[in-house]
Structures are given as C-alpha cells and as structure tokens.
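Undergrad: Give me a model of this one.
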Amino acid sequence: MEYVPLFDNFEQRRAEGCFRVLCGDFVTSDTGTGIVHCAPAYGEEDYRICTKYKIIKPDAPLDTLDENGFFTEKMPEYKGLYIKEADHEIKKELKKRKRLIHETQIKHSYPYCWRSDTPLIYRANSCWFFKVTDIKPDLIKNNKKAYWVPAFAQEGRFNNWLENAEDWCFSRNRTWGNPIPLWTSEDFSEVICVGSIEELKKLTGVTEVKDLHRESIDHLTIVSPTSGKILKRVEEVFDCWFESGSMPYAQVHYPFSMSEEEFSKRFPADFIGEGLDQTRGWFYTLNVVSTAIKNDTPYKNLIVNGLVLAADGKKMSKRLQNYSRPEIIINTFGADAIRLYMINSPLVRAETLNFKDDGVRGVVRDVFLPWYNAYRFLIQNITRWEMHTGKTFEFDESLCHTKERLENLMDRWVIAASQTLIKFVRAEMVKYRLYTVVPKLVSFLEHLTNWYVRLNRPRIKGETGPDEWIMSLNVLFDVLLKSTVLMSPFVPFITDMMYENLSKVLGSKSQLLEKSIHFLPIPEPLEHLVDEEIEKSVGRMQKIIQISRALREKKNLSLKQPISVHFINIFFNIFAFFFPFTPLLYSL
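TA: Sure thing, here's the model as predicted:
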C-alpha cells in the first residue's frame, strides 16, 4: 500500500520503496491511530525497519539536517532554519496545500539536554561498532562466574541486558577524548589498527611520540604497505565507557608494563561496587572488554547499590538545587552519620533512597548518642574506679573470656550476644551482605545501651561491691570495644576516636593495641562463650517487659505505679523462668 507524501522533495525515491506502508511491532493500536511516519535518520526503530525493508542503505539514511540541527539544501524551502523554528513555517505550508487536517498540542515526554535544558533530537551518525553479537554467548557465560549482591541484579536485570545486547557503538564525534587508533584509506577499503607507540612510530616513520592526544597524532599518516595509499587517522574519539571498561588493563599499563604472570595475580578483581544504573554502563563495558580480551569475568564479587534521589523522589539536580549541600550536612551531623544512614538503607539492596536530612539526624539521635553515652559512662566509671582504688585500670580479657568467672546473668548474656554478633558479621561479610550486617550491628548497640548498661548501672558505678565493679567494667569494655571494631568499616571516624581513648587501658602486650582501630582485624568468635539458651531467655524477658510497658501506656499507668501480676502457666515453668531475672525486673 502506497501513499502520497506531505512534501514532494523525494518523490524520486518512490522506486526505492519509499512512501509505502510497512509493518512494525513497535507501533501499537491502543494509542494514537496505529500508524506512524518513519524518518530513518531520526529514530532507532525507524532506522531499523527501513534498513530491514531495504528502503535505505545502513550507511546512508536520508538526512535533511546538518550537525547543528539546521535544514540543508535537501529541503530548500527551509534551508538554514533550525528544526524547532521551522515548525510554524511547515504548518503554514501544509495549510496552504490543504494537507493539514487538524492542529492541536499534546503533552508528552521529550528529551532535553541536561546541561542547557534545550530540546534534543535523535540523529543518525556514521560510527564505529564492536561486534558484541559475536561474543554474546561468552558474555552470558562469563556473567555467571561472578558473585553479585543482590543476586536479582545479576540474574535478572544484567542477564536480560546481555541476552538482548547489540553491537556497541564505541566512537564519539568530539574534540576531546582518547583518539581511536585506526588509520584508514579515504574509501575505508584499508584499515590499520595501531597497537602501541612503537608500532605507530614504525608505521609513520616518526622518531618520537610523547603525547597520544588528537593534536599530537592526527597529522601523522601511514603509507599502506599493500597499496601505497596514504592512510589517515579517523576523526572520532573513544566513548569514555570504553576507557572505563578497559580500567583493569589501563591502570597497570598492561601488557607493556606488567607481565602476564603478574597480571594474572590481580585479574579478575576481587571486588567492585557501583550503582544499579551501571548494568548498562560500567558493568557492561567491563564484561565486553574482558570477554573480548580474556574471555573471563573482570571481577569475582560485585555489590550493586541503589540510586540516591531527592527527598521528593525526583532525581537530584544541581540546577534545581533540590537537596541540601553535602558540606552543610557533613558539618552539621558528621560524615559518619551520612555513611551509616545510607549503608543502613534500601540502597544496599539496590533500591532507591529518598535522601532526607532528618534521616541523618535520626542516626545521630538514635544510634550515635546512646552509643557515645555508653562509651562515656564506661570512661567515667573507669576514672571513678581509679580514683577510689588508687590503681591504674587495665583491661583484663581473661575475666570476660572465662565462662566460669561470668557469674552474673546479664554479663553472660551480653558476652554471648557479642560473640554471636561476631560470628554473624564474619559470615555475612564474606557474602558481602551489608543489608543484613548493619541492621544487626545497630540492633546490638541498642541492646547494649538500653538493656545491659541500664540494668547494670549500680554494678558499673561500684555500688554492689568491688568484685562486681571490676567485673562489670571489664565486661562493658570488652563488648564495647568488640562492637566498635565491628562498626569501624562503616563509621571510621567516631570508632577511631573512641578507640584512641579506649586503647589507653590496654596492656602494652595486648593484641588489641594498635595505632588505629583500622589496623585491627575483625575479631574471631570464641565458641565456648556462645550461649544460645541464655540469649533466648533474655530475649523472652525483653519481650515480656516491652509488652508490659505497652499495656501500661495503653492504660495510662505510670511505670512507677505498682500493679498486681497474675501468671498463667501453660507451656513451661514460668516461675523457674522468671526467678533468675527477679532482681533485674525490680530494677526497671
């Protein structure tokens, strides 16, 4: 089925297949008329279908615009007019020819330049491509070699992208950038890819090449060894994503400055991390280059993080200034608060985060201040102990790590909980699961400050005798130091500040003594101190107390008001359960 075009400028191309109706699955009948006009030079789908039906040659789409968006002599009526400015003139001409049926405006999404905020158009250019489709099976296979967190980003999003991968356009028409090292004849019948500076000097006959940027090599020519033709470098530069994808090799100048044996020790990389959007960016180009060169994955482990949005859920924009300036947030709340806010958020599950200043403030209020108060309370009471006894306090690890000496119920519980935490953190960090580790650490700090310290204040202050005093100080020091070490990778500044002071009471031969907390290894768990039963018992006690507080609040009863208690013994000996906790319950 053929039709009469709106303009007659290219009527001569009707014999080549123009001005007829084609079938395409990218057009739907649920919106519009179900018929669209195809302009192969200005749309990917248009280009693809016109190439498929041989209406255009792949390297010669019909283009009526110059590189700045102005009409050329191919449309003499509008020559020199910018495409957007020509709209009015085109509509006026169509009215004159009685080919304009209806004129209206439809609001729809449209691409704009993020720098100048001006409308953009899609326009086909002659480019250089990597034949990605030839290595697609290896790309998919190599993707499965790596370990991703979270897994859905690898198994779903990235794998789907690879399965639908097309040839990669790696050239850009820009002034600045790394020149593509291709020297070609004028008709592109001969192409030489130069692989090193030495090869370039040999082929061009120059004795010295110090700079590989365009202005230093574009004038160099190669005489073809087969035809004698003069070969010149192509004008394009590399897509910067090609450079990013080449990072594993370029950073060590492989293969020129590093042997194959040395390179194999560092490749594939142990770990990388980037945003979810890089499934179509860095992760992809790393894999393409790595598969092409080494036929291997470029990394062993990968953490994918989500994207940070403004508080209203929109993309953060320098132009719109829809976010607080980072330096203001850092100066107000500290860098550690921002780190913990983001690490303990949906970001580490590759989900989005609507960044809110109040969220950072909440970290300071709910995590840092109680934690710091427990640290300060310990330091104050170590000082009180030293003033009372006239001795210098030195942490005695044997008091905390000998189960028989841990007679106090809450001492045994907090030490057991600390060891369980260490086991958990080590196991989960091996799997790079930050989304399970950080909530557990924050929860432990809450238990330490709101339960252990609160229930043991008299002991820690020395009100229950000298033996209980020294034991409680050592236990609190032990769990506080261990939890601080576990937290140090996530909040490096506050932990190092705390450690600097805590380390003053470590013996000169202590394995815990270092110049910085960041020189300490993650602690090894001590299995003989793990006690699941006591953790469960204390957990039940906490639950009962929380429920009772909720009931008091519901009935508007003060915590200081005595109430009668009735036990309904159904599943276990309730008196046997409560008896060890009786002193603690009275202290609440």
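Undergrad: what residues are up against Arg412?
TA: Lys403, Leu406, Asp531, Ile534 (CB atoms under 8 Å, 6 or more residues apart in numbering). Where C-beta positions appear, they are placed from N, C-alpha and C, glycine not excepted.
Undergrad: top of the residues you listed by neighbour count?
TA: The most neighbours of any of these, using other CB atoms under 10 Å, belong to Leu406, which has 21 neighbours.
Undergrad: That one touches Val414, doesn't it?
TA: No - in this structure, Leu406 is not within contact of Val414 by CB atoms under 8 Å, at 9.6 Å.
Undergrad: joint contacts of the two?
TA: Common neighbours of Leu406 and Val414, counting by CB under 8 Å, 6+ apart, are Val475.
Undergrad: For this protein, which segments count as strands?
TA: 129-130, 147-149, 168-169, 171-172, 182-184, 191-193, 221-223, 230-233, 237-238, 269-275, 299-305, 308-309, 353-354 (DSSP state E).
Undergrad: Turn those strands into JSON lines, including mean pLDDT and distance to Thr118.
TA: As requested, these are exported to JSON lines (pLDDT from 0 to 100; distance: least, CB to CB, whole Å):
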{"stretch": "strand 129-130", "mean pLDDT": "92", "distance to Thr118": "28"}
{"stretch": "strand 147-149", "mean pLDDT": "93", "distance to Thr118": "38"}
{"stretch": "strand 168-169", "mean pLDDT": "92", "distance to Thr118": "23"}
{"stretch": "strand 171-172", "mean pLDDT": "92", "distance to Thr118": "20"}
{"stretch": "strand 182-184", "mean pLDDT": "95", "distance to Thr118": "33"}
{"stretch": "strand 191-193", "mean pLDDT": "94", "distance to Thr118": "37"}
{"stretch": "strand 221-223", "mean pLDDT": "94", "distance to Thr118": "39"}
{"stretch": "strand 230-233", "mean pLDDT": "94", "distance to Thr118": "32"}
{"stretch": "strand 237-238", "mean pLDDT": "94", "distance to Thr118": "24"}
{"stretch": "strand 269-275", "mean pLDDT": "92", "distance to Thr118": "27"}
{"stretch": "strand 299-305", "mean pLDDT": "94", "distance to Thr118": "32"}
{"stretch": "strand 308-309", "mean pLDDT": "92", "distance to Thr118": "24"}
{"stretch": "strand 353-354", "mean pLDDT": "94", "distance to Thr118": "29"}
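Undergrad: Which of these sits closest to Pro40?
TA: Closest approach to Pro40 among the strands of the chain (CB to CB): strand 168-169, 16.5 Å.
Undergrad: Where do the domain boundaries of this structure fall?
TA: With domains defined by automatic domain parsing, the chain comprises 1-124, 365-530, 536-587.
Undergrad: For the ones you listed, could you give me TSV that also reports mean pLDDT and distance to Pro181?
TA: What follows is those, written out as TSV (pLDDT from 0 to 100; distance: least, CB to CB, whole Å):
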stretch	mean pLDDT	distance to Pro181
domain 1-124	84	22
domain 365-530	92	38
domain 536-587	67	65
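Undergrad: List the contacts of Thr64.
TA: Taking CB under 8 Å, 6+ apart, we find Thr64 in contact with Ala41, Phe71, Thr72, Lys74, Met75.
Undergrad: Count the residues that sit near the spatially closest residue to the second one that is not a sequence neighbour.
TA: What sits nearest to Phe71 in space, not counting adjacent residues and going by CB to CB, 6 or more residues apart in numbering, is Tyr78, at 4.3 Å. Other residues near Tyr78 come to 19 when the count uses other CB under 10 Å.
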